[in-house]
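Visitor: Model the following, please.
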Amino acid sequence: MMYVVLFAGTIWGVVTLRSRQLVKEKCILEHKVHVRTEEVIQQKEQIEAQRDNLEKSFKDLKNAQTQLIQSEKIAHWVSLRQVLPMKYKTRSTLLITFRR
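Guide: Take a look at the predicted model:
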């Protein structure tokens with residue numbers, strides 16, 4: 001009978017110790033998950049800020065490109081206005097040339 005009580009006590013002790021160990025490991029893992037989640041959130045915010053900066057830079061570049069194209073078109077038309085009168089003395093010769 002004493003062996004049965006001793007065996008049952010040993011099993012109960014092992015189970016209790018293992019349960020405490022598992023609870024402790026669970027707390028450690030929950031803390032690690034919390035810390036890692038905070039890191040991921042911080043990285044996400046940094047990436048979103050970088051994305052916003054890139055989108056703004058892209059928009060600024062697109063506007064600069066549009067302005068550059070406009071100024072080149074204007075410069076081209078100005079040069080055409082200077083060249084065309086020399087080449088075509090009258091409107092009629094200009095119209096005849098473009099109809100061909």
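Visitor: neighbours of residue 66, just the number please.
Guide: 10 (other Cβ atoms under 10 Å). C-betas here are computed from N, CA, C, even on glycine.
Visitor: chain center to whichever helix or strand residue 22 is part of: distance?
Guide: Secondary structure assigned from DSSP states H and E places residue 22 in helix 2-87. Taking the mean of its C-alpha atoms, helix 2-87 sits 7 Å from the chain's own mean (Cα atoms, centre = their mean, to the nearest Å).
Visitor: how close does residue 59 sit to residue 52?
Guide: Computed with Cβ to Cβ, to the nearest Å, the distance linking residue 59 and residue 52 is 11 Å.
Visitor: go on, residue 38?
Guide: The span separating residue 38 from residue 52 equals 21 Å under the rule Cβ to Cβ.
Visitor: Show me which helix or strand of the chain is least confident by mean pLDDT.
Guide: Within the chain, judged by mean pLDDT, DSSP states H and E, the helix or strand with the poorest mean is helix 91-99; its value is a mean of 57.
Visitor: and the residue nearest the centre of the chain, what does it touch?
Guide: What sits nearest the mean C-alpha location of the chain, by Cα atoms, centre = their mean, is residue 51, with 3.9 Å. Contacts were defined as Cβ atoms under 8 Å, 6 or more residues apart in numbering; by that measure residue 51 touches no other residue.
Visitor: can you count the residues close to residue 33?
Guide: Neighbouring residues of residue 33 were enumerated by other Cβ under 10 Å; the total is 10.
Visitor: per-residue confidence at it?
Guide: In this model, residue 33 is scored at 98, pLDDT.
Visitor: Residue 4 too?
Guide: Taken from the predicted model, the pLDDT recorded for residue 4 is 87.
Visitor: and it, how many neighbours does it have?
Guide: Other residues near residue 4 number 8, with proximity taken as other Cβ under 10 Å.
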